[in-house]
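Trainee: Would you be able to build a 3D model of this:
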Amino acid sequence: MVKFGTGGWRAVIGDEFTKANIQLLSQGLVNKMKSEGVAEQGIVMGYDRRFLSKEAMQWAAVVFAAAHINVYLINKSSPTPLVMFHVMKHEFPYGMMITASHNPAIYNGIKVFTAGGRDADEVQTKDIEDYIGDLKPEDVQETEYETGKQEGYIREIYPLNEYLDNIIDSVDMQAIRNAGLKVALDPMYGVSETSLKMILMTARCEVATIHDRHDTLFGGKLPAPSAATLHSLQNYVVEKKFDIGIATDGDADRIGVIDDQGNFLHPNDILVLLYYYLVKFKGWSGPVVRNIATTHMLDKVAEQFGESCYEVPVGFKHISAKMQESGAIIGGESSGGLTVRGHINGKDGIYAAALLIEMMAVTGKKLSRIMEDIYRECGAIHMEERDYQFTLEKKKNMHKLLMEDKLLPDLPEEIDHISYLDGSKVYFKNGGWVIARFSGTEPLLRIFCEMPQASQAAEICGIYEKFLEL
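Mentor: Down below sits the predicted model:
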């Protein structure tokens, strides 16, 4: 059973993430490529450090090789953005990355990229599912891995330098060299260390790394750079007096940041900082794109500069599509993914890290100070986030209540309007909002609330808890 969510196909290893399903997905994509007349252009694949990632990439590759489709395999564990960059740069019709991103260690999965290095959208993933649905197990054809190499259909590559040079060329390396910054890295046992170290050491930063070994269990923690998982990095930054701490998730497309004071900077804050920097200090012009569960502080910053902020459903494919349509400077989501105009068409935690370092060097200010400047100029708002697990029966009940019956609890603020674009989102007349939506990558209900005061946001989340009997 292969079903795509907002971040590709993800499944528990040994349950649905099996060789048989990986090869069914691959055969479905083979048939899709042939029907579209793009098979001769080939496909790029990469893998992260998760258990069975490399083997899964090879299981997929032999299916393409059997169909006489050239497969370019990145032969070392690599960041997801590298695969996206290579698909874009060399004009491949498709790419695949073996990863479950920030999911728990028992998961693995596959992300599919389309022309331009974009996340496959719902139309594309539904199409792949339809091709898979037409297959019987005996329809899957494979060859031996070594045979595929000998016949020239499987080609091992390692295009990291091209990707890194692209980032180095796009940031102000001289300003960073002049700043002499101290940077602590936490790759969270994932794949970002080599890339980040090369960029930062080229810029003459002092760099130290924690959690860099290969550990398929991610140190027993979720490989997601959140306030709950970055205590070690916080302590390291404060004790060693580093200017910034940077963490990335398992496949390096998301970023987490610890500022010079040891505070965790929420991904919302990172988006706000970078948008503010690109407009005010680099002189860029253009709107910003965020998903429906991401801070409206972006709206405030955009308004200050006479720009617009566009809201889209959760799923980075929606952000990249809207960015292309609107010419936006930056787009991102509250879970830590962002991209910038002129780079790749998807999330890149490595490029975001380089841009944050540039921002500190160019402004001559620490992140905590720049954030204070923004709050002073635009006003502050406060977000509360809560996640809840549920049974299948409970999910049905909550879905009916929120999305079919469209009921709401009694709320203490005057409602402006309600959206059902992705979940149930209530917009208040005071500028605040609350959303309840089901995750597309994990079995969770997520409630986000943003209000002028932190106590107001916490109160409204509590009202939803009682209303949904969580």
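Trainee: Measure how buried residue 429 is and give me the count.
Mentor: When neighbours are counted by other CB atoms under 10 Å, residue 429 registers 10. In this view, the C-beta of every residue, glycine as well, is placed from N, C-alpha and C.
Trainee: One more: residue 335?
Mentor: Residue 335 is surrounded by 25 other residues when neighbours are defined as other CB under 10 Å.
Trainee: So it is in contact with residue 270, correct?
Mentor: No: shown here, residue 335 and residue 270 do not form a contact pair, counting by CB atoms under 8 Å, at 11.3 Å.
Trainee: any idea where the helices of the stretch 1-150 of the chain begin and end?
Mentor: Using DSSP state H, counting those that start in this stretch, the helices assigned to the stretch 1-150 of the chain run over residues 19-36, 53-66, 80-89, 122-133, 145-150.
Trainee: sorry, that was for the stretch 301-450 of the chain
Mentor: 316-326, 349-363, 367-378, 392-399.
Trainee: The ones you listed: which one's closest to residue 459?
Mentor: Residue 459 sits nearest to helix 392-399 of all these, at 20.4 Å, using CB to CB.
Trainee: Look up which residues are beta-bridged to the residue nearest the centre of the chain.
Mentor: Using CA atoms, centre = their mean, the residue of the chain that lies closest to the mean C-alpha position is residue 337, 3.8 Å off. Beta-bridge pairing for residue 337 (DSSP bridges): residue 254.
Trainee: List the contacts of residue 358.
Mentor: By CB atoms under 8 Å, 6 or more residues apart in numbering, the contact list for residue 358 reads 171-172, 175-176.
Trainee: Pop the domain breakdown of this protein in here.
Mentor: In the assignment given by automatic domain parsing, the structural domains of the chain cover 9-160, 167-378, 382-468.
Trainee: Would you mind checking the average pLDDT for the second one?
Mentor: Yep, that's domain 167-378 we're talking about. Here the mean pLDDT over domain 167-378 is 94, rounded to a whole number.
Trainee: Quick check: end-to-end length of it?
Mentor: Its start and end residues considered, domain 167-378 measures 30 Å (CA to CA, to the nearest Å).
Trainee: Count the neighbours of residue 169 for me.
Mentor: Taking other CB under 10 Å as the criterion, the count of residues near residue 169 is 8.
Trainee: Where does it sit: helix, strand or coil?
Mentor: Reducing the assignment at residue 169 to three states with DSSP: H, G, I helix; E, B strand; the rest coil gives helix.
Trainee: Can you tell me how far residue 256 is from residue 268?
Mentor: Counting by CB to CB, to the nearest Å, the gap between residue 256 and residue 268 amounts to 12 Å.
Trainee: What of residue 423?
Mentor: Residue 423 sits 17 Å away from residue 268 when distances are taken as CB to CB.
Trainee: Give me the more crowded residue out of these two.
Mentor: For residue 423 and residue 268, the more surrounded residue by other CB under 10 Å is residue 268, and the numbers stand at 25 against 21.
Trainee: what's the nearest residue to that one if we skip its chain neighbours?
Mentor: If the residues on either side of it in the chain are set aside, residue 268 comes closest to residue 295, at 3.8 Å by CB to CB, 6 or more residues apart in numbering.
Trainee: ok, now residue 324?
Mentor: In space, residue 324 comes closest to residue 345 once its chain neighbours are excluded; the distance is 7.2 Å by CB to CB, 6+ apart.
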